[in-house]
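*Asks:* Would you be able to build a 3D model of this:
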Amino acid sequence: MAIKDSFSPDEWKQLLQSVQMVSLAVAASSPSGPLGAVQEMWAAGKLLARMKTGGSSNEIITAMVDDISTADGRTRAQEGVRDLFKGLTAEQVRTKAIEAVKAVGGLVDRKVGGAQAIDFKQWLGSVSQSVAEAATEGGFLGFGGTAVSDAEKATVKDISMALGL
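*Replies:* Numbers count the residues shown, from 1 in each chain. The predicted structure is shown next:
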């Protein structure tokens with residue numbers, strides 16, 4: 001049985017959206033302007049591409065990356081995300097995204113459990129760290145500033161806690 005069959009279509013959609021949720025939570029915690037936002041979203045995409053080419057021993061990650069690599073999978077991953085956050089403040093986006101990440105962590109614990117769930121949640125946590133490190137915070141035109149703001153550090157920690165890591 002494929003790992004994807006362990007999840008209902010709605011649950012699988014939650015997993016597909018989890019990378020966006022982690023990325024949005026970090027990006028909302030310390031807005032970095034248009035260029036920084038692009039760099040932060042690009043970081044998540046690079047991790048997905050790296051998993052696609054390098055593979056993973058984790059069945060959940062492999063199945064997710066394979067799905068997101070298709071037009072249908074990307075559509076499902078993006079479905080409803082924009083509407084979910086429409087009209088919210090950055091702090092509300094951060095809070096709601098972390099709640100979604102917590103739900104995904106609980107979902108993989110219930111449906112898969114064991115090493116597969118732990119590995120997936122650690123990977124999702126590493127996505128948050130990569131997004132946080134993608135753009136310099138503060139400074140001017142890329143000079144000065146800090147690699148990871150205190151707000152981003154707090155969000156990465158909150159994501160880890162939400163995932164039970």
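*Asks:* Find me the pLDDT at residue 44, would you?
*Replies:* pLDDT for residue 44: 64.
*Asks:* Tell me how far the closest residue to residue 2 other than its chain neighbours lies from residue 149.
*Replies:* Distances taken as CB to CB, 6 or more residues apart in numbering place residue 63 nearest to residue 2, at 6.8 Å, with adjacent residues excluded. Any C-beta I mention is one placed from the backbone N, CA and C, and that applies to glycine too. Look at residue 63 and residue 149: by CB to CB, to the nearest Å, they are 33 Å apart.
*Asks:* quick revisit: so what's the residue count around the residue nearest to residue 2?
*Replies:* Applying other CB atoms under 10 Å, we find 21 residues neighbouring residue 63.
*Asks:* What does the pLDDT read for it?
*Replies:* pLDDT, residue 63: 90.
*Asks:* name the element the residue nearest the centre of the chain belongs to?
*Replies:* For the chain, the residue sitting closest to the mean C-alpha position, by CA atoms, centre = their mean, is residue 19 at 2.5 Å. Per DSSP states H and E: residue 19 is located in helix 9-29.
*Asks:* same check, this time on residue 82
*Replies:* helix 81-85.
*Asks:* Following element in sequence after that helix, please.
*Replies:* Note on helix 81-85: by DSSP H and E, the next helix or strand toward the C-terminus is helix 90-111.
*Asks:* Which elements pack onto that next one?
*Replies:* Helices and strands touching helix 90-111, by 3 or more CB pairs under 8 Å, 6 or more residues apart in numbering; DSSP states H and E, are helix 9-29, helix 81-85, helix 114-134, helix 150-162.
*Asks:* Name the helix or strand of the protein that has the lowest mean pLDDT.
*Replies:* helix 33-54 (a mean of 61; mean pLDDT, DSSP states H and E).
*Asks:* Can I get the helix holding residue 82 in CSV, CA atoms only?
*Replies:* Provided in CSV are the C-alpha atoms of helix 81-85 (Å, rounded to 0.1, in the frame of the first residue of the first chain):
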residue,chain,number,x,y,z
VAL,A,81,-4.5,28.9,0.8
ARG,A,82,-4.9,32.4,-0.5
ASP,A,83,-8.6,32.6,0.7
LEU,A,84,-7.6,31.1,4.1
PHE,A,85,-5.4,34.1,4.8
